[in-house]
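In: sequence? don't have it. structure:
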């Protein structure tokens, strides 16, 4: 580790980073960002090595010191050696050294054995790494040498040292081997997390702004711009943000042009229809009895064309434009009463709508205008196509945080393979029937877009006993009106 730190430090001092950039694939606008990332990773690696080494050394100094019991034991050995030296019993000293559980020698200032016992060459080599009794033992040598100074009774000019080779089972690292690896791992993870957080702030903050802008643009907020969140000191992100703003502006202009075109087309179509209506009204006053049916037919077609234009414009607005919702809180009972009161004039003599009352009072928080429009469209569709004696049953149920409405009629239903395309615009499953009833296949498409706008969904299936069932489900509380 130390060698690696030295190499990285020297490369940094030699300004090695600059020529190294010549060999990296730095191209185009992002060359600056690539170089920054490379520099951050290099600095992070160097910092991890330096900080981890410093922290590890501090921790090791505290944990790898000999326990007090072992220190007392070695100090007693030093006292016994002193006693033998005071008696000047060299033979007894050699015998005492051989009898100990440790490999030990009493050495003079030239590192020669006082008892004249021969030392192993490896023992002699380790003398240069000898540690004092209170020093940390480290974790690199399993049997370190510990030197304890002795009072010299033989030659006062030559200090003596008791050198003890610590047994491997007494080394503190043996009891802390698992803890040492855990400490190293935690230190590395902590330092890496610190620098990752710093680097993440540099990268994630602009990406967060970009993500939020993309979501807002996708939800229909075409006025979204994000370049003001970035600084020109970050050219790679600033250029990306300006490109995003340019794209959003082009998209906004395109949608505005489309809306303007729809308004112009609506005006150009409504104007001749209004003129035809006035002309037919004047002609009706002067027409003969034989001409009245023909004029009435023209008036009906004129009215159907006006309804078709309204439906196309409404569907286009629901499908393409950003719509600001106005959610309010209301009960299902009040909604039921309002819809039944408004649609009762469209129910035929032999038709009926049976809306089951709820056992409990259910409240919704959503935009009531779009919900009412969707429900009325489904009811009108059933009354128009389920037959002159149709019965439409409406039942509501709460499932967790979702309210579901089922509309079941007793008509003939539709083919299973046509259920998927039922909510597509201009879908006409029975051309002859739609022509006679004046349908253009936009009613259920508008229902789907309206319920989707409220955060819900709509589906269709055939009943087991015949007829069609349309289910719409939406949250009891509209989560975020501005995100739709």
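Out: In hand now; what should we look at? Remember, predicted model here, so these are calculated numbers, not experimental data.

In: ok, and the closest residue to residue 444 other than its chain neighbours, which helix or strand is that part of?
Out: The shortest distance from residue 444 to any non-neighbouring residue, by C-beta to C-beta, 6 or more residues apart in numbering, is to residue 423 (5.0 Å). C-beta: built from backbone N, CA, C; applies to glycine. For residue 423, there is no host helix or strand (DSSP states H and E).

In: repeat that for residue 244.
Out: Taking DSSP H and E as the definition, residue 244 sits inside helix 235-286.

In: next: residue 441.
Out: Using DSSP H and E, residue 441 maps to neither a helix nor a strand.

In: now do the one 4 residues further on
Out: When elements are assigned from DSSP H and E, residue 445 belongs to helix 443-453.

In: thinking again about what came up before, ok, then the element right after the helix holding residue 244?
Out: Of the helices and strands lying after helix 235-286 in sequence (DSSP H and E), the nearest is helix 292-320.

In: pull the distance from the helix holding residue 445 to the chain's centre.
Out: 30 Å (C-alpha atoms, centre = their mean, to the nearest Å).

In: so for it, mean pLDDT?
Out: Average pLDDT, helix 443-453: 86.

In: same question, stretch 298-306
Out: In this model, stretch 298-306 carries a mean pLDDT of 75.

In: and for stretch 397-413?
Out: Mean per-residue pLDDT for stretch 397-413: 89.

In: thinking again about what came up before, quick check: the residue nearest to residue 444 touching residue 448?
Out: Yes - contact status for residue 423 versus residue 448: in contact at 4.2 Å, counting by C-beta atoms under 8 Å.

In: list residues touching both of those two?
Out: Common contact partners of residue 423 and residue 448 (C-beta atoms under 8 Å, 6 or more residues apart in numbering): residue 458.

In: could you give the angle of the helix holding residue 445 to helix 292-320?
Out: With axes from the mean of the first three to the mean of the last three C-alpha atoms, to 10 degrees defining the directions, helix 443-453 sits at 30 degrees from helix 292-320.

In: which other helices and strands does helix 443-453 contact?
Out: Under the contact criterion of 3 or more C-beta pairs under 8 Å, 6 or more residues apart in numbering; DSSP states H and E, helix 443-453 touches helix 292-320, helix 368-385, strand 457-462, strand 468-475.

In: buried residues of the shortest one, list them for me.
Out: Neighbour-count burial for strand 457-462, with 16 or more other C-beta atoms under 10 Å as criterion, is recorded at 458, 460.

In: given it, what are its sheet partners and their directions?
Out: strand 468-475 (antiparallel) (DSSP bridges).

In: which outside residues touch the strand it pairs with?
Out: Strand 468-475 has contacts (C-beta under 8 Å, 6+ apart) with 364, 366, 371, 374-375, 378, 382, 386, 399, 401-409, 411, 413-414, 444, 447, 451, 454-463.

In: in it, what counts as buried?
Out: Under the neighbour-count criterion of 16+ other C-beta under 10 Å, strand 468-475 has 468-475 buried.

In: next, the angle from that strand to helix 368-385.
Out: If you take the same axes, to 10 degrees, strand 468-475 sits at 170 degrees to helix 368-385.

In: so how many other residues sit close to residue 288?
Out: 6 (other C-beta atoms under 10 Å).

In: ditto for the one 4 residues further on
Out: Residue crowding around residue 292 was assessed by other C-beta under 10 Å; the count is 11.

In: how near is it to residue 280?
Out: Note on residue 292: its distance to residue 280, by C-beta to C-beta, to the nearest Å, is 11 Å.

In: picking up where we left off before, would CSV of the buried residues of strand 468-475 with pLDDT and distance to residue 185 be doable?
Out: Formatted as CSV, those follow (pLDDT from 0 to 100; distance: C-beta to C-beta, whole Å):
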residue, pLDDT, distance to residue 185
468, 90, 64
469, 92, 60
470, 92, 60
471, 92, 55
472, 93, 55
473, 92, 50
474, 92, 51
475, 92, 46
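
In: out of the residues you listed, which comes closest to residue 43?
Out: When the buried residues of strand 468-475 are compared for distance to residue 43 (C-beta to C-beta), residue 475 wins out at 48.9 Å.

In: could you pull out the strands in the chain for me?
Out: Ranges of strands in the chain, per DSSP state E, are 103-107, 131-132, 145-150, 160-165, 328-331, 352-355, 363-366, 391-399, 402-408, 457-462, 468-475.

In: save the ones you listed as JSON lines, and put in distance to residue 74 too.
Out: Output for the strands of the chain, formatted as JSON lines (distance: least, C-beta to C-beta, whole Å):
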{"stretch": "strand 103-107", "distance to residue 74": "9"}
{"stretch": "strand 131-132", "distance to residue 74": "11"}
{"stretch": "strand 145-150", "distance to residue 74": "6"}
{"stretch": "strand 160-165", "distance to residue 74": "6"}
{"stretch": "strand 328-331", "distance to residue 74": "82"}
{"stretch": "strand 352-355", "distance to residue 74": "95"}
{"stretch": "strand 363-366", "distance to residue 74": "79"}
{"stretch": "strand 391-399", "distance to residue 74": "77"}
{"stretch": "strand 402-408", "distance to residue 74": "77"}
{"stretch": "strand 457-462", "distance to residue 74": "80"}
{"stretch": "strand 468-475", "distance to residue 74": "76"}
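
In: can you say which of those is nearest to residue 315?
Out: Here strand 457-462 is closest among these (C-beta to C-beta), at 14.4 Å.

In: pLDDT on the closest one, on average?
Out: The average pLDDT for strand 457-462 rounds to 91.

In: which residues are contacting that strand?
Out: Outside strand 457-462, the residues touching it (C-beta under 8 Å, 6+ apart) are 374, 413-414, 416, 419, 422-423, 444, 447-448, 451-452, 468-474.

In: cool, stretch 328-346 as well?
Out: With C-beta under 8 Å, 6+ apart, stretch 328-346 has contacts from 353, 355, 357-358, 361-368, 371-372, 375-376, 379-380, 383, 394, 396, 403.

In: chain center to that stretch, what's the gap?
Out: Averaging C-alpha positions (C-alpha atoms, centre = their mean) puts stretch 328-346 41 Å from its chain's average.

In: pLDDT of that stretch, averaged?
Out: Averaging pLDDT along stretch 328-346 yields 89.

In: go through that stretch and flag the buried ones.
Out: Buried, per 16+ other C-beta under 10 Å, within stretch 328-346: 332, 335-336, 339, 343.

In: same check on stretch 204-215?
Out: Neighbour counts over stretch 204-215 (16+ other C-beta under 10 Å) mark 206, 209-210, 213 as buried.

In: tell me which of those fall in helices.
Out: 206, 209-210, 213 (DSSP state H).

In: in JSON lines, list the residues you listed along with distance to residue 324.
Out: Shown next, in JSON lines, are these (distance: C-beta to C-beta, whole Å):
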{"residue": "206", "distance to residue 324": "29"}
{"residue": "209", "distance to residue 324": "23"}
{"residue": "210", "distance to residue 324": "24"}
{"residue": "213", "distance to residue 324": "19"}
